[in-house]
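A.B. asks: Coordinates only, no sequence provided:
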């Protein structure tokens with residue numbers, strides 16, 4: 001009789017914990033790669049994902065400390081690349097009724113020398129926010145054409161004829177002026193690129209970044225420029241040429257996750 005009572009208790013206990021066991025042993029392959037969540041906007045190259053939150057929790061919003069009352073937020077985040085996505089957001093925000101709230105450059109790039117990115121935008125209308133993120137994803141695929149990744153290092157370049165709020169927030173670019181960006185890893189290549197750019201044409205430095213200055217301790221030197229559009233573009237192109245020659249001299253050819261556009 002005692003055995004029967006004990007067995008019944010154990011059976012009841014197992015029935016109570018079985019649902020938990022089922023959840024813990026779920027098969028992730030049953031989750032579709034075609035996400036239907038309303039938060040999901042899409043993806044782009046460089047491990048980039050775009051999301052929206054239509055009504056952010058008030059307590060969480062305060063903890064985020066991004067200085068806004070917007071409850072409709074757009075998120076663009078990637079593990080690789082920074083300047084391309086920031087330039088894409090810059091163009092997207094200029095074309096929509098949205099605002100750049102924060103830009104972080106996490107130490108990532110999947111083990112490479114540079115950054116990933118985490119960008120938050122906001123707007124009064126979630127449809128405006130979603131449209132901005134959709135546009136930014138499209139442009140990320142374009143601007144990824146100036147990212148060169150090899151086993152030895154990486155290079156990244158960007159150019160905008162008309163810097164807007166995202167480029168101003170991230171790099172201090174004067175609004176309305178042409179903007180140029182270059183990053184080289186290992187950092188020594190980045191410094192030679194920066195020197196070449198400054199000697200190529202009459203441009204102004206708006207941001208200089210190294211592993212210990214302004215980055216998340218990434219192995220790169222970054223230079224951001226402003227000035228006349230033709231001068232800025234020429235500086236970036238000269239930097240790209242010498243950067244590629246030096247990177248390839250390290251023994252491997254880079255992969256390009258898009259089509260070069262400069």
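C.D. replies: Everything's here; your move. Just so you know, these numbers come straight off a predicted model, no measurement behind them.
A.B. asks: residue nearest the centroid of the protein?
C.D. replies: The geometric centre of the chain, computed from its C-alpha atoms, lies nearest to residue 117 (Cα atoms, centre = their mean), at 3.1 Å.
A.B. asks: what's the nearest residue to it if we skip its chain neighbours?
C.D. replies: Leaving aside its sequence neighbours, residue 117 sits nearest to residue 82 (Cβ to Cβ, 6 or more residues apart in numbering; 4.6 Å). Glycine gets a C-beta too; all of them are placed from N, C-alpha and C.
A.B. asks: Mean pLDDT per helix and strand in the chain: which one sits at the bottom?
C.D. replies: helix 2-24 (a mean of 53; mean pLDDT, DSSP states H and E).
A.B. asks: Quick one: list the elements packing against the helix or strand just after that one.
C.D. replies: Under the assignment DSSP states H and E, the closest C-terminal helix or strand after helix 2-24 is strand 40-44. Counting contacts by 3 or more Cβ pairs under 8 Å, 6 or more residues apart in numbering; DSSP states H and E, strand 40-44 packs against strand 48-53, helix 126-143.
A.B. asks: List the buried residues in the helix or strand just after the first one.
C.D. replies: Looking back up the chat, that one is strand 48-53. Moving toward the C-terminus from strand 48-53, the next helix or strand (DSSP H and E) is helix 58-64. Applying a neighbour-count criterion of 16 or more other Cβ atoms under 10 Å, one finds residue 61 buried in helix 58-64.
A.B. asks: so what does the very next helix or strand once past helix 58-64 touch, helix or strand wise?
C.D. replies: Next in sequence after helix 58-64, counting helices and strands by DSSP H and E, comes strand 72-78. Contact partners of strand 72-78 among helices and strands, from 3+ Cβ pairs under 8 Å, 6+ apart: strand 48-53, helix 83-94, strand 117-123, helix 126-143.
A.B. asks: Strand partners (parallel or antiparallel) of the shortest one?
C.D. replies: Meaning strand 48-53. If you go by DSSP bridges, strand 48-53 pairs up with strand 40-44 (antiparallel), strand 72-78 (antiparallel).
A.B. asks: hey, which of these is tucked in deepest?
C.D. replies: Using mean count of other Cβ atoms under 10 Å, the stretch among these with the greatest mean number of neighbours is strand 72-78 (a mean of 24).
A.B. asks: my read: residue 177 touches residue 225, true?
C.D. replies: No - at 9.7 Å, residue 177 and residue 225 do not qualify as touching, with contact defined as Cβ atoms under 8 Å.
A.B. asks: on that earlier part again, could I get the helices and strands packed on strand 40-44 as JSON lines with mean pLDDT, distance to residue 215 and mean neighbour count?
C.D. replies: Below are these laid out as JSON lines (pLDDT from 0 to 100; distance: least, Cβ to Cβ, whole Å; neighbours: other Cβ atoms under 10 Å):
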{"stretch": "strand 48-53", "mean pLDDT": "97", "distance to residue 215": "20", "mean neighbour count": "22"}
{"stretch": "helix 126-143", "mean pLDDT": "97", "distance to residue 215": "20", "mean neighbour count": "22"}
